[in-house]
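1. Pasting the sequence and the predicted coordinates here, then a few questions.
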Amino acid sequence: MPVSASTTKFLETLDAFSGHTLTHREDLGTLVELSSLHGRKDLLNRLSFLAKFVCRVYGIMKRIGKDDEGYTTLEQEFSKNLEEAIALTRTLIGMASQDERQRFEAAYFSMTQAGLHNLLALFRDVAWYKNWLIDHGGEEV
């Protein structure tokens, strides 16, 4: 999906802010652009909060392993918040073209290991959007 010059500029700034770690920059741009075009920054802001949470919890789960006593609780929180984050992403992508929706569906929402890997990578990028908001006093695109 083509994005505006302001979104492109913001993505360049955000990529530099992240230490050039964005791996799904174009798709993050799609989410930013859709939220802006349709006046739904609230969705993107909530998604960015959830994405940051999900990525953090996933990292903790990987670090502590399934045998840790807190793992089950973390797994439940991870699943609940992941479901909400997916629903918000689908809502934003629902505002895009049919081709874009199908592309996101195949890349991020397939029930495969690759789909989950891609989704978490996208959410790491979305978490950088949240980091930007935190570090810049809520200043949005």
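-> That came through fine.
2. Look up how far Leu37 lies from the closest residue to Ile93 other than its chain neighbours.
-> In this structure, Ile93 finds its nearest non-sequential neighbour in Phe104, 4.7 Å apart by CB to CB, 6 or more residues apart in numbering. To be clear about C-beta, it is placed using only N, CA and C from the backbone, and glycine gets the same treatment. Phe104 sits 16 Å away from Leu37, taking CB to CB, to the nearest Å as the criterion.
3. Same question for whichever strand or helix holds the residue nearest to Ile93: list its buried residues.
-> Take DSSP states H and E as the rule and Phe104 turns out to sit in helix 98-108. Buried residues in helix 98-108, counted by 16 or more other CB atoms under 10 Å: Glu100, Arg103, Phe104, Tyr108.
4. Ok, stretch 42-61 next?
-> Those would be 43-45, 47-55, 57-58, 61, for stretch 42-61 by 16+ other CB under 10 Å.
5. could you give me the average pLDDT of it?
-> The predicted model assigns stretch 42-61 a mean pLDDT of 97.
6. CA-only coordinates of that stretch in PDB, if you can.
-> Extracted in PDB, the C-alpha atoms of stretch 42-61 (Å, rounded to 0.1, in the frame of the first residue of the first chain):
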ATOM      1  CA  ASP A  42      -6.700   5.100  19.100                       C
ATOM      2  CA  LEU A  43      -6.500   1.600  17.500                       C
ATOM      3  CA  LEU A  44      -2.900   2.000  16.600                       C
ATOM      4  CA  ASN A  45      -2.100   3.300  20.100                       C
ATOM      5  CA  ARG A  46      -3.800   0.400  21.800                       C
ATOM      6  CA  LEU A  47      -2.200  -2.000  19.400                       C
ATOM      7  CA  SER A  48       1.300  -0.500  20.100                       C
ATOM      8  CA  PHE A  49       0.700  -1.000  23.900                       C
ATOM      9  CA  LEU A  50      -0.400  -4.600  23.400                       C
ATOM     10  CA  ALA A  51       2.500  -5.300  20.900                       C
ATOM     11  CA  LYS A  52       5.000  -4.100  23.400                       C
ATOM     12  CA  PHE A  53       3.500  -6.200  26.200                       C
ATOM     13  CA  VAL A  54       3.200  -9.400  24.000                       C
ATOM     14  CA  CYS A  55       6.800  -9.100  22.900                       C
ATOM     15  CA  ARG A  56       8.100  -8.600  26.400                       C
ATOM     16  CA  VAL A  57       6.100 -11.500  27.800                       C
ATOM     17  CA  TYR A  58       7.100 -13.800  24.900                       C
ATOM     18  CA  GLY A  59      10.800 -13.000  25.700                       C
ATOM     19  CA  ILE A  60      10.300 -13.800  29.400                       C
ATOM     20  CA  MET A  61       8.500 -17.100  28.500                       C
END
